[in-house]
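**Student:** From the sequence below, what's the structure:
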Amino acid sequence: MFRRRNDTDTTVAGSPAAPADGSTVITTGKGRPTPTRREAEAAAKARAKAPRTRKEQAAAKRRVRADEAQKVRTAMKTGDERHLLPRDKGPVRRFVRDYVDHRFSFLEIVLPLVLVTTVLTYSGNPGLVRIGSTVMVAVLALIVMDVLTLRFRLRRELAKRFEGESVKGTTWYAVSRSMQMRFMRLPKSQVKIGEKLPERYR
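**Tutor:** Okay, the predicted model is just below:
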């Protein structure tokens, strides 16, 4: 009635069956393979590198922010799309920058002219004051004409190259870039004045 236990019968209910090919699997208490020495050392190094205290965590965050800032600064010089600021990303914004940079704009010389006219206006010499006022009026007229021309031609090019895409904010983006002297523009100019622009920006 009772089956005698066989010494060779080592299978216990609930325990994993031995592989059919006779190989041995070493398992931990939770049924997972025992990690190799290399894996254990790698895990130990990872735990050692991980910041533990609040001071270490703050230092790690500062390093990450510094790395990101360095990537942005480099992208501002090279035009690398991956690390540009959100306002500068995308083919539309890249085309706007190239379009502004490939043309000469009176807006580029606004600041020098304003400084000159300011000096003339406050010189106290009536003749120089009249000259300064005349120059200022001429500068304002040129600015208005340049902005209107820029907006009209830019919108036409955007409609041709990016049909159906949103061009919201591109006029102000272009005008604000045009008002900066060329060497101060960020991201840095990637084209020269008069250079022919690519047909596709995708």
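**Student:** Where is the longest helix in this structure?
**Tutor:** The residue-count maximum for a helix in the chain (DSSP state H) belongs to helix 126-161.
**Student:** What is it packed up against?
**Tutor:** Under the contact definition 3 or more Cβ pairs under 8 Å, 6 or more residues apart in numbering; DSSP states H and E, helix 126-161 sits against helix 91-101, helix 110-121, helix 170-178. C-betas here are computed from N, CA, C, even on glycine.
**Student:** which parts of the shortest one are buried?
**Tutor:** Under the neighbour-count criterion of 16 or more other Cβ atoms under 10 Å, helix 170-178 has 170, 171, 173, 174, 175, 177, 178 buried.
**Student:** which residues sit in contact with the fourth one?
**Tutor:** When you say that, I think you mean residue 174. Residue 174 sits next to 96, 99, 100, 150, 151, 154 when contact means Cβ atoms under 8 Å, 6 or more residues apart in numbering.
**Student:** And the residues you listed, which of them are buried?
**Tutor:** Taking 16+ other Cβ under 10 Å as the criterion, what is buried in the contacts of residue 174 is 96, 99, 100, 150, 154.
**Student:** quick revisit: which of the buried residues of helix 170-178 sits closest to residue 128?
**Tutor:** Set against residue 128, the nearest of the buried residues of helix 170-178 by Cβ to Cβ is residue 178 (28.9 Å).
**Student:** so the closest one sits right up against residue 101, yeah?
**Tutor:** No. If you go by Cβ atoms under 8 Å, residue 178 and residue 101 don't touch, sitting 9.2 Å apart.
**Student:** So which residue is dead centre in this structure?
**Tutor:** Nearest to the mean C-alpha position of the chain, by Cα atoms, centre = their mean, lies residue 84 at 2.1 Å.
**Student:** Backbone dihedrals for that one, both of them.
**Tutor:** The phi/psi pair for residue 84 (degrees, to the nearest 10) reads phi -70, psi 160.
**Student:** Just the pLDDT for it.
**Tutor:** Note for residue 84: predicted pLDDT of 89.
**Student:** quick one: contacts for the closest residue to it other than its chain neighbours?
**Tutor:** For residue 84, ignoring the flanking residues on the chain, the nearest one in space by Cβ to Cβ, 6 or more residues apart in numbering is residue 75 at 5.0 Å. By Cβ under 8 Å, 6+ apart, the contact set of residue 75 is 81, 82, 83, 84, 187.
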